[in-house]
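Participant: predicted model, plus sequence, below.
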Amino acid sequence: MDTPHARPGIFPTFFLSGFECSTFLWKDQGRRDLVAETQHREHALQDYGMLRELGIGVAREGVPWPLVERGGSHDFGLLAPVIAAQKATRITPVWDLCHYGYPDDADPFAPGFADRFAAYCRAAARHLQGELPGPWFFTPINEITFFSFAGGEWGWVAPWGRSRADRERLRVALCRASIAGVHAIREVLPDARMVHVDPLIQVVAPPDRPDLAEAARQETFVDAFLAWDMLAGRERPELGGAPEVLDIVGANNYSFGQMEYRAQGPHQALPPGSPGIEPLCTLLGRVWERYRRPMVIAETSGMGRGRPEWLCDVMNEAMAAVNQGMDLHGICLFPAVDMPDWHTGQWLHNGLCDLAPDGSGRLCRQPHPPYVAELRRWQQELNRVTTLDDDPFSDPGDLGDVVRAARRLRPVPDRDWH
C-alpha cells in the first residue's frame, strides 16, 4: 500500500466546533436569539479560549441577519465581542449568514429577496474584511433542506408554511438567495470558501406500511440532495449554481437523522438497533459519490453521558470513510457550549461544555471531562495538536496523518449506534 504524502487540509485543525446561533421567528415565541440565550456574546473570550485550549482552530459562528439589518442599512456592532475573541485566540470562523432567521419585513417568496440577501452578504463580507485577516469561510444559508421543512411544511418558523408545495417553494427561494450570496461575497473576497451545510438522513417505511416505502426512498435519495444539487448546478441550472458555488459540502450527523417515515409532520427517530439504520460511512459515501467535493462533518454531537461514545462512533465511521477514499477535511463538534431544546427550553447537554446558572443570572461553562478526554484520545490517534500554536496556520493540518491513522486503525462501518 502506498504511503500517503503530506497534504495540507483546508482548515488548520481537523477538529472544528461552533456555537448555536439561530435567530428564527419561532411559532409561539416571536423572535429568538440563541446566542443571547446561551450568553455567548458575554462569554465570547472564555468560549473561544476553551476551544484554543482544546486544540480546535475553527469555529462556526453566526452573523444575525435579523438583528444587524435595519431600514436597508447594516450595523454589525453585535459581532464586536466575538470578533475580539477570534483575534485574541487566532481561531478562524466559518461565518453563518442566515441561521433560520431573516428580517421581519423580508419575504423569501418576494422577487427581491435574493437581491436583498446578496446586499447583506456583500456588506457582511466588507465588514469582516476590515476586521480579520482571513482566510475566509462562509455558510450563506444554513441547512436549506431542514429550513425548508421547518419553515415550509411543519410551521415551526417563519414563513410558517404547512404543505409540501410550500416546502418546495421555500427550498428554491433559499437556494436562489444562497447562490446570489456566494457571488456577492466573492465580489469582495474572491478567495472565500463556502461550506454549504445540510443534514445526512436515512428514512425508512414503518414495518407495517410497505406502501410508504417509495415516499421514504424519495426523501432519502432525492429530497435530501435537492438543495445541494441546485447549489452545484445539477438541478435548476437557471439559478446559477455550479460546483465552485457548492465548494465544500458540510454534512450534519445526528442520531435523529435516521427516521421512520410519517405522512404528517416530522418523522420518528429510529431507536438504536433498528434494522433501518445505516452506518454513517454509508451516508457520507452517498454524498461523496454524488458531488466529489471536499467534505466536512459540519455538526455532530451525542447527548448527556453518551457524548464520548458518540464521538468514538463518529470517528470510527469517519476513518472508514477516509479508507474508502473520501476527501474528508474535518469534524465539527457542535455545539461548543450547551444549547436549549428549541421546543422545551431544556438544556440538551450536547456541548463540550455544559451550562449552569450561578445564581446571579450568568451561565457558567462547565467542560464535560469524558467528552474532552475522548477528543484528546482522537487527537493523539490522528497526530493532531492538542493546543494551538500562536499562529494555527503556521503548521497546517496534514491530511496524510489522518489517512495514515485510518489505515492503521482499519475500522469497519457499523450500523449499531447507541
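Facilitator: Right, received. Where do you want to start? Every value quoted in this text rests on a predicted model; they were computed, and no experiment measured them.

Participant: any idea which residue is closest to the centre of the protein?
Facilitator: In the chain, the residue lying closest to the centroid (CA atoms, centre = their mean) is residue 298, at 4.0 Å.

Participant: in a helix, it, correct?
Facilitator: No - counting by DSSP: H, G, I helix; E, B strand; the rest coil, residue 298 is not found in a helix; it is strand.

Participant: how about it, nearest residue that isn't a chain neighbour?
Facilitator: residue 250 (3.0 Å; CB to CB, 6 or more residues apart in numbering). No exception for glycine: its C-beta is placed from N, CA and C like everyone else's.

Participant: residue 131 now?
Facilitator: residue 83 (5.1 Å).

Participant: how close does the one you found sit to residue 124?
Facilitator: Distance of residue 83 to residue 124, computed by CB to CB, to the nearest Å: 12 Å.

Participant: the strands in the stretch 101-250 of the chain, which residues?
Facilitator: 137-139, 193-199, 202-204, 248-253 (DSSP state E, counting those that start in this stretch).

Participant: nearest to residue 155, of those strands?
Facilitator: Residue 155 sits nearest to strand 193-199 of all those, at 19.1 Å, using CB to CB.

Participant: other SSEs contacting that closest one?
Facilitator: strand 137-139, helix 144-152, helix 164-188, helix 224-232, helix 243-246, strand 248-253, strand 295-300 (3 or more CB pairs under 8 Å, 6 or more residues apart in numbering; DSSP states H and E).

Participant: export the ones you listed to JSON lines and tack on mean pLDDT?
Facilitator: JSON lines is the format used below for the helices and strands packed on strand 193-199 (pLDDT from 0 to 100):
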{"stretch": "strand 137-139", "mean pLDDT": "99"}
{"stretch": "helix 144-152", "mean pLDDT": "98"}
{"stretch": "helix 164-188", "mean pLDDT": "98"}
{"stretch": "helix 224-232", "mean pLDDT": "98"}
{"stretch": "helix 243-246", "mean pLDDT": "98"}
{"stretch": "strand 248-253", "mean pLDDT": "98"}
{"stretch": "strand 295-300", "mean pLDDT": "98"}
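
Participant: adding distance to residue 7, write those out as CSV.
Facilitator: Shown next, in CSV, are these (distance: least, CB to CB, whole Å):
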stretch, distance to residue 7
strand 137-139, 19
helix 144-152, 30
helix 164-188, 25
helix 224-232, 24
helix 243-246, 20
strand 248-253, 16
strand 295-300, 15
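
Participant: closest to residue 46 out of the ones you listed?
Facilitator: For these, proximity to residue 46 was assessed by CB to CB; strand 295-300 is nearest, at 21.7 Å.

Participant: OK, contacts around residue 366?
Facilitator: Neighbour list for residue 366: 353, 354, 355, 356 [criterion: CB atoms under 8 Å, 6 or more residues apart in numbering].

Participant: could you do residue 147 as well?
Facilitator: Here residue 147 is in contact with 100, 141, 157, 170, 174 (CB under 8 Å, 6+ apart).

Participant: any stretches of the stretch 1-150 of the chain with poor pLDDT?
Facilitator: 1-5 (pLDDT under 70).

Participant: where along it do the helices fall?
Facilitator: Assigned by DSSP state H, counting those that start in this stretch, the helices in the stretch 1-150 of the chain fall at 34-37, 44-53, 65-68, 80-89, 113-131, 144-152.

Participant: show me the contact partners of the third one.
Facilitator: When contacts are taken as CB under 8 Å, 6+ apart, the neighbours of helix 65-68 outside the stretch itself are 23, 31, 33, 74-76, 78-79, 97-98, 101-104, 120, 124.

Participant: give me the buried entries from the residues you listed.
Facilitator: Among the contacts of helix 65-68, those classed as buried by 16 or more other CB atoms under 10 Å are 23, 33, 74, 76, 78-79, 97-98, 101-103, 120, 124.

Participant: could you dump the residues you listed into TSV with distance to residue 90 added?
Facilitator: Formatted as TSV, the buried ones among the contacts of helix 65-68 follow (distance: CB to CB, whole Å):
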residue	distance to residue 90
23	27
33	27
74	26
76	21
78	22
79	17
97	22
98	26
101	29
102	32
103	33
120	27
124	21
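
Participant: about what we covered before: identify the residues contacting the residue nearest to residue 298.
Facilitator: Going by CB under 8 Å, 6+ apart, the list of residues near residue 250 reads 139, 195, 196, 197, 198, 295, 296, 297, 298, 299, 332.

Participant: list only buried entries from the residues you listed.
Facilitator: Looking at these with 16+ other CB under 10 Å, the buried ones turn out to be 139, 195, 196, 197, 198, 295, 296, 297, 298, 299, 332.

Participant: the fifth one and residue 321: what is the separation?
Facilitator: Relative to residue 321, residue 198 is positioned 17 Å away (CB to CB).

Participant: could you do the last one as well?
Facilitator: Relative to residue 321, residue 332 is positioned 15 Å away (criterion: CB to CB).

Participant: how about the first one?
Facilitator: Distance check for residue 139 against residue 321: by CB to CB, it reads 21 Å.

Participant: same thing with the second one?
Facilitator: Taking CB to CB as the measure, residue 195 and residue 321 are separated by 18 Å.
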